[in-house]
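S.K.: Next come a sequence and a model predicted from it.
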Amino acid sequence: MSEKSGETIVENLLRPTKIYVRLILELLKNSDGIKAISNITGGGITENLPRIFPNSNIGARINLSSWKRPSIFNWLQDQGNIDDQEILKTLNCGIGMILIANKNSGEEIFEILEKKNEAFYIIGEIIETNSDNSKIIFHRD
């Protein structure tokens, strides 16, 4: 079963992809603090998030403890004997969209998301990196 009451694994896997267009347009219209948006699809956070960084010395530090990963991803990882790095590189692990925003615009963004009953998490921060480092650094608190 998944987090949706009574939903089977098959139903969970066949659920259509969430479309974010209306929500993103509303956020962009009502907040000037959003600086970048990354749709987390095939390639997971590991491959999708770095695409939004304009130069080689910017990356992100992502706290894997900042959201509860949906149980379907745990099941897939266990059944497929997939290691943590591979699942983060392949699947979205419950994070479908990442917004990069100014810290001082968080409240207005949170208000819009709450009004729309959208789940959201602060999952990390932008960091300076060098070309030898990975663009995405994962950690757990």
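M.R.: Yes, it's here.

S.K.: got the contact list for the spatially most central residue of the chain?
M.R.: Central residue of the chain (CA atoms, centre = their mean): Ile95, 3.2 Å from the mean position. Counting by CB atoms under 8 Å, 6 or more residues apart in numbering, Ile95 touches Ile40, Ile45, Trp67, Tyr121, Ile123. Placement of C-beta: from N, CA and C, glycine included.

S.K.: centre of the chain versus the one helix or strand Glu111 maps to, how much separation?
M.R.: In this assignment (DSSP states H and E), Glu111 forms part of helix 106-115. With CA atoms, centre = their mean, to the nearest Å as the basis, helix 106-115 stands 17 Å off its chain's centre.

S.K.: After that helix, which helix or strand is next?
M.R.: strand 124-128.

S.K.: For that following strand, give me every contacting residue.
M.R.: Outside strand 124-128, the residues touching it (CB under 8 Å, 6+ apart) are Asn57, Ile58, Gly59, Ala60, Arg61, Ile62, Asn63, Ser66, Ile100, Ile137.

S.K.: hmm, back to that, what about the residue nearest to the centre of the chain? Give its phi and psi, please.
M.R.: Backbone dihedrals for Ile95, given as degrees, to the nearest 10, come out at phi -110, psi 100.

S.K.: any idea of the mean pLDDT in the helix holding Glu111?
M.R.: The average pLDDT within helix 106-115 is 95.

S.K.: Quick one: list the elements packing against it.
M.R.: Counting contacts by 3 or more CB pairs under 8 Å, 6 or more residues apart in numbering; DSSP states H and E, helix 106-115 is packed against helix 21-30.
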